[in-house]
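Enquirer: Below: sequence and its predicted model.
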Amino acid sequence: MIKASSAKRVIVDTTVMQKAIAHPTDSRLLERCREHLVKAAARHGLKLRQNYNREAPHLARQIGRYANAKQYKRMKKTLRTLRSRVGRVMRDVGIVTLARAVEFR
């Protein structure tokens, strides 16, 4: 139990530390998402049409380089390309799993 006398004076430490938060639009998160999808599909024996194992990591590195050089227009274009590649892999996984579900019925 807390005594009433100890609640009269409270010392609060409000020190704030910045954290390196990776935002969802980050190329690293997109690349990790694609990697996890491809690995999960391989683990379950799903045959994907394309997995972009060579192109996507290159695009992710390119985005970092463009951001560092403050070439934001090129960076956004490359990020859009990477996002579309990840979307293609996601749709392909959905199509293959749906086809397999229909096959087993």
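Expert: Structure received.

Enquirer: ok, the most centrally placed residue in the chain to Ala4 distance?
Expert: Against the mean C-alpha coordinate of the chain, by Cα atoms, centre = their mean, the closest residue is Leu29 at 2.4 Å. Going from Leu29 to Ala4 by Cβ to Cβ, to the nearest Å gives 49 Å. Bear in mind the C-beta positions are built from the backbone N, C-alpha and C, glycine included.

Enquirer: Tell me where the protein has helices.
Expert: 27-43, 55-68, 72-104 (DSSP state H).

Enquirer: Which one, of those, ends up nearest to Ala20?
Expert: helix 27-43 (11.1 Å; Cβ to Cβ).

Enquirer: got the contact list for the closest one?
Expert: 22-23, 48, 51-53, 56-57, 59-60, 63-64, 79, 82-83, 85-86, 89-90, 93, 96 (Cβ atoms under 8 Å, 6 or more residues apart in numbering).

Enquirer: re earlier: okay, the helices of the chain in CSV with mean pLDDT and distance to Lys8 next?
Expert: Listed next are those as CSV, based on pLDDT from 0 to 100; distance: least, Cβ to Cβ, whole Å:
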stretch, mean pLDDT, distance to Lys8
helix 27-43, 95, 48
helix 55-68, 95, 52
helix 72-104, 95, 54
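
Enquirer: Having no further points to raise, I will conclude here.
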